[in-house]
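after the sequence you'll find the predicted model.
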Amino acid sequence: MNLLKIFDWTPVAVKAPRPRYEKYDSVSDRLLMGYVVEIEYRYHGRRDVFFPSVYDYRSFEENNRRALRKAILFYKNAKNKITVQRKKEQR
């Protein structure tokens with residue numbers, strides 16, 4: 001493998017954020033753990049990037065919104081990089 005490929009994390013595909021739930025025996029309903037964005041890099045394959053809904057002193061809804069905002073921002077930035085790269089390759 002070419003040494004430069006090790007450092008090339010060019011995204012080639014990305015999927016919109018999706019929620020990730022966990023089921024616990026002590027809780028009757030599923031708990032939203034955060035959001036996952038699936039991204040594929042040119043030389044490093046597919047990866048799942050997890051944006052946790054960290055439970056702290058804030059409300060659950062506020063934590064969930066924050067995690068979703070971060071996941072959406074990551075998704076949009078990756079999508080923009082993919083678009084720019086495709087335009088460069090078409091030249």
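Noted; the coordinates are in hand. Numbering: from 1, shown residues only.

ok, now which ones touch Pro11?
With contact taken as CB atoms under 8 Å, 6 or more residues apart in numbering, Pro11 is in contact with 39-42, 78, 81-82, 85. For the C-beta atoms, the positions are set from N, CA and C on the backbone; glycine is no exception.

for this protein, which strand is longest?
In the chain, with assignment by DSSP state E, the single longest strand is strand 31-41.

next SSE after it?
Counting by DSSP states H and E, the next helix or strand C-terminal to strand 31-41 is strand 45-52.

so in that sheet, which strands flank that next one, and in what orientation?
Here strand 45-52 is paired, per DSSP bridges, with strand 31-41 (antiparallel).

got the CA positions of the strand it pairs with in PDB?
As requested, the backbone C-alpha atoms of strand 31-41 are provided in PDB (Å, rounded to 0.1, in the frame of the first residue of the first chain):
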ATOM      1  CA  LEU A  31     -33.500   3.700  25.300                       C
ATOM      2  CA  LEU A  32     -32.100   6.000  22.600                       C
ATOM      3  CA  MET A  33     -28.300   5.800  22.900                       C
ATOM      4  CA  GLY A  34     -27.400   8.200  20.200                       C
ATOM      5  CA  TYR A  35     -27.100   8.400  16.400                       C
ATOM      6  CA  VAL A  36     -24.900   6.600  13.900                       C
ATOM      7  CA  VAL A  37     -23.600   7.900  10.600                       C
ATOM      8  CA  GLU A  38     -22.200   5.300   8.200                       C
ATOM      9  CA  ILE A  39     -19.400   6.700   6.100                       C
ATOM     10  CA  GLU A  40     -17.100   5.000   3.500                       C
ATOM     11  CA  TYR A  41     -13.600   6.200   2.900                       C
END
